[in-house]
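S.K.: Give me coordinates for this.
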Amino acid sequence: MLKRTLEDYKVLLRSIPSATVTLFVVSVIVMNLLANKELVSLPWLALDCGFTVSWVSFLCMDMICKRFGANASIKVSVLAEAINLAVCLLFWLMSLTPGMWGAYYDTGSIQVNDALNATLGGSWYVVVGSMVAMLCSSVVNSLLNEGIGRMLHKNTFGSFALRSYVSTMVGQFVDNFVFATIVSHAFFGWTWTQVVMCSLTGALAELACEMFLSPVGFHVVRSWEREGVGEDYLRLHSVEAAR
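M.R.: Below is the predicted model of the structure:
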């Protein structure tokens, strides 16, 4: 089973254009790093700076799902989270080293150095909450995207937009809700009203960002289809499905 999974990953990663996988992984890492800073803090809307790139990962998922299916999208999400965890562990280990950050020499303040160590080292509950939220939302987003696509049976931008917007809205809500439940409610004392309202308004804001570049995503996927990108993976799974 493990050998088969690894072989499937090899074929999948050879099939998906490397720029898309790279953008996906980088967006997940940057999103979690920027989540350490507030962007908007209102009773009904709470956004951290990770919001500025979080929608990129969902657009990448929708593109991958459109061409390669929900399972492929989920597998790439798992890979992105594994790499993100490795980066978080590296940051944490580096925060334990005795050296000083460059900002210390600019300010001469040990508090600045400690603050940078705390920010990049991260908190375990934030890392766990973020990973669980992303994995849950990627499964929901990918399966819902594929399910809507099967019902539409069309290869138009309208079809791509509908399946992407609905799945992203629901997936982003799940992402925000799970994270807010694990972190904000449990550790920061948010009420359930704040959890639900901020999850909903945050999902709407993130959806608006994805809508802006979804035509580009559709154009890229259509070019994959015309050029036969990923035929090896699609052929492999069509054979498996026929058995």
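
S.K.: where does residue 79 land in three-state SS?
M.R.: At residue 79 the chain is in helix, as set by DSSP: H, G, I helix; E, B strand; the rest coil.

S.K.: Do you know the pLDDT at it?
M.R.: On pLDDT, residue 79 comes in at 93.

S.K.: what's it in contact with, if anything?
M.R.: Each residue near residue 79 by CB atoms under 8 Å, 6 or more residues apart in numbering is listed here: 9, 13, 21, 25. Any C-beta I mention is one placed from the backbone N, CA and C, and that applies to glycine too.

S.K.: Now, of the residues you listed, which are buried?
M.R.: Listed as buried from those are 21, 25; burial here means 16 or more other CB atoms under 10 Å.

S.K.: Show me which of the contacts of residue 79 is closest to residue 199.
M.R.: Nearest to residue 199 among the contacts of residue 79: residue 25, at 24.7 Å, using CB to CB.

S.K.: The chain: helices as residue ranges?
M.R.: Along the chain, counting by DSSP state H, helices occupy 2-15, 18-34, 51-68, 70-95, 102-107, 110-121, 124-152, 157-179, 186-188, 192-227, 231-242.

S.K.: can I get the contacts of residue 79 in JSON lines with pLDDT and distance to residue 134?
M.R.: Converted to JSON lines, the contacts of residue 79 look like this (pLDDT from 0 to 100; distance: CB to CB, whole Å):
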{"residue": "9", "pLDDT": "89", "distance to residue 134": "18"}
{"residue": "13", "pLDDT": "92", "distance to residue 134": "19"}
{"residue": "21", "pLDDT": "95", "distance to residue 134": "16"}
{"residue": "25", "pLDDT": "94", "distance to residue 134": "12"}
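
S.K.: Looking at the helices of the chain, spot the one closest to residue 44.
M.R.: So among the helices of the chain, helix 192-227 is nearest, using CB to CB, at 4.8 Å.

S.K.: wait, isn't residue 121 in contact with residue 90?
M.R.: No: here residue 121 lies out of contact with residue 90, judged by CB atoms under 8 Å, at a distance of 10.4 Å.

S.K.: With neighbour numbers in mind, choose between the two.
M.R.: When residue 121 is set against residue 90 and neighbours are counted by other CB atoms under 10 Å, the residue ahead is residue 121, at 15 against 11.
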